[in-house]
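Trainee: Predicted coordinates and the sequence they were generated for:
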Amino acid sequence: MNIKRILLVLGLAGFTVMADNWVVSPILPAISKSIGTPVVTAGFLITAYMIPFGLFQLVFGPLADRFGKRQIINLAMALFTVGTGLTALGTTLFNLGVYRALTGIFAASVMPVSLALIGDLVPLAERQAAIGTFLGISFLGQGLSMAIGGSIAYFVSWRGVFLTYAVLALASTLLLFAVGKKIPSARNPKSEFVAPYFRLLSTGKSFRTYFVVLIEGIFLLGSFSYLGAFIEHSYHFNNLNIGLILTGFGIAAVIGGRISGKLASKLGQKKVLLAGLISATLADALFYAQGSVISLVIIGVALLGLGFMLAHSTLLTIATEFASKARGAAMSLVAFFFMGGGGVGTAIGSRLISRAC
């Protein structure tokens, strides 16, 4: 069993999902103009993706425990490809919202189930480094998504962005079916659907971890969701420039993924988690106090990406130990609280930005 190869295959699936997931942020102004909707209203498309993405984590985790993690990822990625392609054809806020919701539903399997697989296959001493590598590849998709998506939107249209990611999703799906069949994937027909969640949330340590993840989602994703619109409003940059600036988040996240395991081994998980949260807090402070200085905004974007990766990889590593026989459910709760928090944070952010604008 080649762990590096498995991480690469899973990472490519994560790369594809995160590339599609985050691409709406830099092209949100272009979408809003195309369909004749204010940018704050068009922000509904972000929430329409995030909330199903979070809710359906609770479905796919137990399904993966019962029917096999690899099998669930394969099926969901195929349907994710269809949803992404349909988004390119949307003409109104309503049908675009439906297509983004469908895409979010099927994308929901990839991150938690992949992380559960890593928890199954990688020893605890090496797990945070493996999780950091997987998340680094995945969030490289986010970073490149900003630049590539912004470029395509600038030179072609925002529809071309989703067509491009539909092709990328198809390639990732075919790779999962062809090469991913070598990934070990145990099934547990006796796995329960609801009971593991009650056990996880009734335990003090796991409950505290999930609560921190919820807060992380509210403030971190809430901050990031409207950065594209904030930069466009403040500096009147085009989609290409917005995408290039937001790429800093993905690059910093990749760096954070590479170093998080080593830092955790030397400093301990609590210090790495604290460092990540402090970095993200500093980023928000820069946006709020120095948002008129573009160089500091760029630094803030990078700090947000670095803080996210240090904090999130630590929380994920901790969560992999909560329920070894229901690891899919344990990781699903992480994604549920993180993306659910992101949906709440985005809704709050829409109110704040509407007042600022």
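Mentor: Cool, the structure landed.

Trainee: what about the strands in the stretch 51-200 of the chain?
Mentor: Counting by DSSP state E, counting those that start in this stretch, the stretch 51-200 of the chain forms no strands at all.

Trainee: Please report how far Cys330 lies from Ala64.
Mentor: You called it Cys, but residue 330 is Ala. Ala330 sits 11 Å away from Ala64, taking CB to CB, to the nearest Å as the criterion. To be clear about C-beta, it is placed using only N, CA and C from the backbone, and glycine gets the same treatment.

Trainee: Over to Gln57?
Mentor: To Ala64, Gln57 is 10 Å away according to CB to CB.

Trainee: just Ala76 next, same as before
Mentor: 10 Å.

Trainee: residues shared between the contacts of those two?
Mentor: Between them, Ala76 and Ala64 share the neighbouring residues Ser109, with contact defined by CB atoms under 8 Å, 6 or more residues apart in numbering.

Trainee: Show me which of the two is the more surrounded one.
Mentor: The neighbour comparison of Ala76 against Ala64 (other CB atoms under 10 Å) goes to Ala64, with 31 against 25.

Trainee: my read: the more buried one touches Asn74, true?
Mentor: No. With contact defined as CB atoms under 8 Å, Ala64 and Asn74 do not form a contacting pair (11.1 Å).

Trainee: quick one on the thing from earlier: anything in contact with each of Gln57 and Ala64?
Mentor: If you check Gln57 and Ala64 against CB under 8 Å, 6+ apart, the residues they both contact are Pro112.

Trainee: now for the particular helix or strand that has Ser234 in it, which elements pack on it?
Mentor: Secondary structure from DSSP states H and E places Ser234 in helix 227-235. Other elements packing on helix 227-235 under the criterion 3 or more CB pairs under 8 Å, 6 or more residues apart in numbering; DSSP states H and E are helix 24-34, helix 39-42, helix 239-267, helix 294-319, helix 327-356.

Trainee: could those helices go into a markdown table alongside mean pLDDT?
Mentor: Shown next, in a markdown table, are those (pLDDT from 0 to 100):
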| stretch | mean pLDDT |
| --- | --- |
| helix 24-34 | 81 |
| helix 39-42 | 81 |
| helix 239-267 | 84 |
| helix 294-319 | 91 |
| helix 327-356 | 75 |
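
Trainee: Any regions of the stretch 1-150 of the chain where pLDDT drops low?
Mentor: Residues of the stretch 1-150 of the chain that meet the criterion pLDDT under 70 lie in 1, 26, 143, 146.

Trainee: That one: helices as residue ranges?
Mentor: For the stretch 1-150 of the chain, applying DSSP state H, counting those that start in this stretch gives helices covering 3-22, 24-34, 39-42, 44-55, 57-67, 69-87, 93-107, 110-121, 124-155.
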